[in-house]
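**Q** got a predicted structure plus its sequence, pasted below:
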Amino acid sequence: MPDLLLQKGDLQLLFDRLSGDGFRLVGPTVSQEAIVYDEIASVGDLPRGWTDVQAPGSYRLEPRSDEAFFGYVVGPHSWKKYLFPPLATLLTADRTDSGWAMHAPPEPTEKYAFIGVRACELAAIKVQDRVFLEGAYVDPIYKARRDRCFIVAVNCTQAAATCFCTSMNTGPRCQAGFDLALTELSAAFIVEAGSDSGRQVCGQLPLREATPAERAAAEAARAQAVAGISKRLETEGIRDLLLTNLEHPRWADVAARCLSCANCTMVCPTCFCSSVGEVTDLKGDHVERQRQWDSCFNVDFSRMNGGVVRNDVRSRYRQWLTHKLASWIDQFGQSGCVGCGRCITWCPVAIDLTEEVAALREPGP
Amino acid sequence: MTAPLSPTVGNPWLCHTVRIAAITPEISGVATYDFEFTDPDAANRYQFRPGQFNMLYLPGVGEAAISLSAHPAARRRWSHTIRVAGNVTQALAQLGTGGVLGLRGPFGSSWPIDDCRGRDVILVAGGIGLAPLRPVVYRLLAERSHFGQLTLLHGARSPGGLLYTREHATWNAGGVAVQTTVDRTAADWNGNVGTAVVLLDRLPLPRPENTVLLTCGPDVMMHFTARAALQRGLPASQLWISAERNMQCAVGLCGHCQLGPEFVCQDGPVFRYDRIAPFFRVEGL
């Protein structure tokens, strides 16, 4: 299918089409001085005319000089909050005369259309697919949500100072894993369909074939994102680098700065650690087992009856970084990092994992 | 190490319900619970391999990962030797015979019993670490003629901490030589004093290159056991340990039990020593 052109004024028709197909629309919107992902009703909810300015430990919204709908990079949210919900019921148990009756929770009935998924986020969804769907055990919560979602990707046309997707080979161009991918031009979107459902939706929209000039303009817009990326993570030999330097002095150095606040793991689009807790009614006759996002930066995360395994910040930061960039490769055949830069932006003390890795490449004193 | 025997089909979070059929007090704070499935079909399908564990679930309290300590050929009835240690095991200790709880499993890797055929086998167990090795003892006894010299070295902090002592005579008679030792002696104790590693140092090893060692106990005991075994000429590829970490999902999805690149719940708890050695004794990993 050739690249197609959607006039900006017709973007609402795409939203209407998806709503008509029963999808709840989730997309970028401005809330609490950030661009977050939330349910949206119309194009009016998009962060039109806003951009984000990011740096280590810093995120600011600023008005744009144009009326771009998707003229920002990524915010603190990621799509994992819809596919791997921060809180989910795994099992219910009801007391009976003879003991307990236990049941799986009902499958969700809602299905979501994600609007504005970036290339690094497509990669992150693929990373979590590997974790939750392609191992020895399938997570039923993730699967039920993943099977039902429709993905409208948007190619980046700019980069933040914290972006390094080019180092991780995850972007900025959306290559696969979407139903539709848009590239925003000044008056229109170039539309690519990446799936049968995407092609069906295209068939119901007033699209026309893009002209060579429009395709060239889209290419130029996407090239701006590549040109804007300044950060780099050297990944050559990174697995062995990290796992053979478990006692490197840099771990103590970063531990002196790290607050162990868990922000990096909460904003990370691939972090999947969770804890399970019990929620009961007052009589204890109805119990729900609930899974909640957890973080390897929390002290209790490694608690056993014999004590806490990772009892200092050094061991917890080391766990996070070695898992994300090294042991993830052993476990899942790929890096756990997609280069989105969120952990750098949202670290309150501006720790930059690319700098930490670079420092680990230096031999200790 | 071996792949999971029978991954829970479908939803890994679903529990079977089991009923406590019998409770046998062991040592102080430790009892063996026999469980029966309330669903006969689940009972017929259930099989485990020595070294694997179940998640035991008390609604409203939580889950605990507990290794199986039953005879691996047992059908319809399985036992776990459980030490009262956390909130789940404390609540379990309040239940009597007939009490109902949830069970998921079996999970994890198992001891390499088939690799032990034709070889001498040493089991080194510290305290309640003997519980996950008891199914191995039963298998070795059941197929005694397939193995060479068989030894169980069992250490405990005190004489009262030695586990399954009522069975030791049967095990000895069946061809598994049991040696016990305690860290702290007591008035009526005439046996060995010191760690199980001391027993290993003294044990004649006629053919170390053809000997397999399986160990379960505190990390530090397993570390020194492996070191002693290597010094005595056992290859690292013939040493196996059973690791313990915080486990919540048991299926490699929650992240808690990681030890370097390993998910202890799924890749372990039983590891070949040469695979886990680079990470096993790194402080705080």
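**A** The structure has been received and is ready for your questions.
**Q** domains of the chain?
**A** Just going to use chain A. Here the domain parsing of chain A from automatic domain parsing is A:4-228, A:238-360.
**Q** right idea, wrong chain: chain B
**A** Split by automatic domain parsing, chain B gives B:16-107, B:113-242.
**Q** ends of the shortest one, how far apart?
**A** Between the opening and closing residues of domain B:16-107 there is a gap of 14 Å (C-alpha to C-alpha, to the nearest Å).
**Q** check stretch A:268-282 too.
**A** Distance between the two ends of stretch A:268-282: 36 Å, counting by C-alpha to C-alpha.
**Q** sort out which residues of that stretch are buried, please.
**A** A:C268, A:P269, A:T270, A:C271, A:F272, A:C273, A:S274, A:S275, A:V276, A:E278 (16 or more other C-beta atoms under 10 Å in any protein chain shown). The way it works is simple: take the backbone N, C-alpha and C, and place the C-beta from them, glycine included.
**Q** that one near chain B at all?
**A** Yes. Using C-beta under 8 Å from any C-beta of the partner chain, stretch A:268-282 reaches chain B at A:F272, A:C273, A:S274, A:S275, A:V276, A:G277, A:E278, A:T280.
**Q** for the residue nearest to B:L205 when sequence neighbours are not counted, give me its contacts.
**A** In space, and not counting its chain neighbours, B:L205 is closest to B:R232: 5.5 Å by C-beta to C-beta, 6 or more residues apart in numbering or on different chains. Counting by C-beta atoms under 8 Å, 6 or more residues apart in numbering or on different chains, B:R232 touches B:L200, B:D201, B:L205, B:P208.
**Q** sticking with the second one, tell me its helix or strand.
**A** Right, B:D201. helix B:196-202 (DSSP states H and E).
**Q** report pLDDT for residue 149.
**A** Since you didn't name a chain, this refers to chain A. A:C149 is assigned 97 on the pLDDT scale.
**Q** switch to chain B, please.
**A** Looking at B:Q149, the pLDDT reads 98.
**Q** counting neighbours, what do you get for the closest residue to A:A187 other than its chain neighbours?
**A** In space, and not counting its chain neighbours, A:A187 is closest to A:K8: 5.8 Å by C-beta to C-beta, 6+ apart. Counted with other C-beta atoms under 10 Å in any protein chain shown, the neighbours of A:K8 add up to 17.
**Q** wait, doesn't A:K8 sit right on A:I190?
**A** No. Contact criterion C-beta atoms under 8 Å: A:K8 and A:I190 do not qualify, at 11.6 Å.
**Q** tell me how many other residues crowd residue 252.
**A** With no chain named, the answer covers chain A. 14.
**Q** switch to chain B, please.
**A** When neighbours are counted by other C-beta under 10 Å, B:G252 comes out with 23.
**Q** per-residue confidence at A:A124?
**A** pLDDT, read off for A:A124, is 98.
**Q** residue contacts, it?
**A** Applying C-beta under 8 Å, 6+ apart to A:A124 gives the contacts A:S78, A:W79, A:K80, A:P269, A:T270, A:V338, A:C340.
**Q** give me every residue that touches the fourth one.
**A** Counting by C-beta under 8 Å, 6+ apart, A:P269 touches A:S78, A:W79, A:K80, A:C120, A:E121, A:A124, A:I125, A:V127, A:Q128, A:V338, A:C340, A:R342.
**Q** repeat that with 7 Å
**A** Residues counted as contacts of A:P269 (C-beta atoms under 7 Å, 6 or more residues apart in numbering or on different chains) are A:S78, A:W79, A:K80, A:E121, A:A124, A:V338, A:C340.
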